[in-house]
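Chemist: this is a predicted model, with the sequence first.
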Amino acid sequence: MSFSSLSPSEFLEQRTTKVVLDVRSPGEYAKAHILDAINLPLFTDEERALVGTTYTRQGHDIAVELGLQLVGPKLHKFVKKARKLANGSDMIIHCWRGGMRSASMAWLMDTAGFNVATLRGGYKAYRKLCQDWFEMPWRLYVLSGATGSGKTEVLHHLKRLGEQVVDLEGLANHKGSAFGALGQNPQPSTEMFENLLFEELSKLDPHRPIWIEDESVSIGSVFIPNSFFKRMILSPVLLMRVPKEIRVERLVHEYGLFSKEQLLGCIHKIEKRLGGDAVTACVEAIEAGELHIVAELTLHYYDKSYSFSLERRNPTKLHYLNTTTSDMAENAVQLKIEALEVNFEE
């Protein structure tokens, strides 16, 4: 056996020039995986379950024999597919915890003439590395503002200005409200969201501040890692105060492209919180195409909820930017200037 075993940190350094093959089952991969890893499953989901059951009931040796019986006829297909995927590149192979699945596939690829390495500890070690990174003392600027303030657009302008930015809603494929899934791709699992967040953080300088958007612990159906969310709560908040009329216009522009049926579905998600009269008024306004009325009514609910969330913040951490412009590029410039006065040690 001539293939090497890489630590998680070595893996991060070397993966950019190599093909990463995830040999876990399709179901494991679909739930969450390392970004850009390609699934080349040693077992199907059914085969994995069968081997696991055999191990539990009949022991290690019988389970290994069954595994060999299942995998043996597929060896040439693995090599053929790997050759196509690698296209001349070296490869790194991993399974769940760096056990028999990755070792077996690495042996096969090494025998077939590939330059191969495995990830020591497998995907489990990668996940441990993710959790360790979330616990780092990140210096965060939390960009806040009432619904419709244009926070995500401001983040993108800040990135163009050279600031470090992580777009949590972009990673989550959700804008955080009852309307947040409209026009978005399906959400990842929470585990995959964590992997994506780690990948973004790993690109950034931990000694420089990072801008993120103010969020609750959940964004749609995914959850922000607890240690990272605690860091967000303790971080300085830069709060944009944008006039309501600008926010209404922004929401109408952003959501006016969607069908009446889609908008009605979103209203019904929050009907208990809006109240019967407001829901009736929203439904009538949607049917009549009066989206400004819908925006006004829903902002009444979201603004109350936002005010409540601000009351739980440490007031010494709040820094305000009062703006009267809908030019988010200008607001980004002003926020960057305001951030120069922020003291992370407060």
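Modeler: All right, it came through fine.
Chemist: residues near the closest residue to residue 249 other than its chain neighbours, how many?
Modeler: In space, and not counting its chain neighbours, residue 249 is closest to residue 326: 7.1 Å by CB to CB, 6 or more residues apart in numbering. Where you see a C-beta, it was placed from the backbone N, CA and C, and this is true even at glycine. Residue crowding around residue 326 was assessed by other CB atoms under 10 Å; the count is 16.
Chemist: show me the contacts for residue 326.
Modeler: By CB atoms under 8 Å, 6 or more residues apart in numbering, the contact list for residue 326 reads 150, 242, 246, 249, 250.
Chemist: what's the answer for residue 257, then?
Modeler: Contacts of residue 257 (CB under 8 Å, 6+ apart): residue 183.
Chemist: hmm, residue 118 and residue 103 touching each other?
Modeler: Yes: counting by CB atoms under 8 Å, residue 118 is a contact partner of residue 103 at 6.7 Å.
Chemist: out of the contacts of residue 326, which are buried?
Modeler: Buried by 16 or more other CB atoms under 10 Å: 150, 242, 246, 250, out of the contacts of residue 326.
Chemist: between the contacts of residue 326, which is closest to residue 304?
Modeler: residue 242 (16.6 Å; CB to CB).
Chemist: from residue 276, how far off is that closest one?
Modeler: Taking CB to CB, to the nearest Å as the measure, residue 242 falls 29 Å from residue 276.
Chemist: thinking again about what came up before, the more surrounded of residue 103 and residue 118?
Modeler: residue 118 (25 against 17).
Chemist: distance check, the more buried one against residue 198.
Modeler: Residue 118 is 20 Å from residue 198, by CB to CB.
Chemist: do residue 176 as well
Modeler: 20 Å.
Chemist: pretty sure residue 239 belongs to a helix, no?
Modeler: No: applying DSSP: H, G, I helix; E, B strand; the rest coil, one finds residue 239 to be strand, outside a helix.
Chemist: that one contacts residue 151, correct?
Modeler: No: counting by CB under 8 Å, residue 239 sits too far from residue 151 to count as a contact (10.0 Å).
Chemist: what's the helix or strand of the chain with the lowest mean pLDDT in contact with?
Modeler: Of all helical and strand segments in the chain, the minimum by mean pLDDT, DSSP states H and E falls on helix 271-274, at a mean of 87. For helix 271-274, the surrounding residues in contact (CB under 8 Å, 6+ apart) are 267, 279, 282, 297, 298, 301.
Chemist: show me the domain layout of the protein.
Modeler: For the chain, automatic domain parsing gives the domain ranges 4-131, 137-339.
Chemist: and the first one, end to end?
Modeler: For domain 4-131, the first and last residues are 25 Å from each other (CA to CA, to the nearest Å).
Chemist: spatially nearest residue to residue 101, not counting backbone neighbours?
Modeler: residue 95 (3.7 Å).
Chemist: nope, residue 157 is what I meant
Modeler: residue 332 (3.5 Å).
Chemist: what is the neighbour count of the one you found?
Modeler: 24.
Chemist: can you pull out the strands in the protein?
Modeler: 4-6, 19-22, 38-39, 91-94, 116-119, 140-145, 164-165, 210-213, 218-219, 222-223, 237-241, 318-322 (DSSP state E).
Chemist: which one of these lies closest to residue 342?
Modeler: Closest among the strands of the chain, using CB to CB: strand 318-322, at 6.0 Å.
Chemist: partners of that closest one, with directions?
Modeler: strand 237-241 (parallel) (DSSP bridges).
Chemist: contact partners for residue 295?
Modeler: 148, 247, 248, 251, 252.
Chemist: cutoff 10 Å now
Modeler: For residue 295, the contacting residues are 147-148, 244, 247-256, 282, 285, 302, by CB atoms under 10 Å, 6 or more residues apart in numbering.
Chemist: what of residue 194?
Modeler: 32, 127, 130-131, 133-134, 171, 188, 222-225, 228 are the contacts of residue 194 under CB under 10 Å, 6+ apart.
Chemist: tell me the pLDDT of it.
Modeler: With respect to pLDDT, residue 194 scores 98.
Chemist: switch to numbering from 897
Modeler: With the count now opening at 897, the last piece we talked about shows up as residue 1090.
Chemist: what sits in contact with each of residue 999 and residue 1014?
Modeler: 899, 901, 919, 989, 991.
Chemist: filter those down to the buried ones.
Modeler: 899, 919, 989, 991.
Chemist: gap between the second one and residue 1009?
Modeler: Applying CB to CB, the value for residue 919 to residue 1009 is 18 Å.
Chemist: kindly report the same for the first one.
Modeler: Relative to residue 1009, residue 899 is positioned 12 Å away (CB to CB).
Chemist: neighbours around the closest residue in space to residue 1136 that isn't next to it in sequence, how many?
Modeler: With sequence-adjacent residues excluded and distances taken as CB to CB, 6+ apart, residue 1136 is closest to residue 1041, at 3.8 Å. Residue 1041 has 22 neighbours, counted by other CB under 10 Å.
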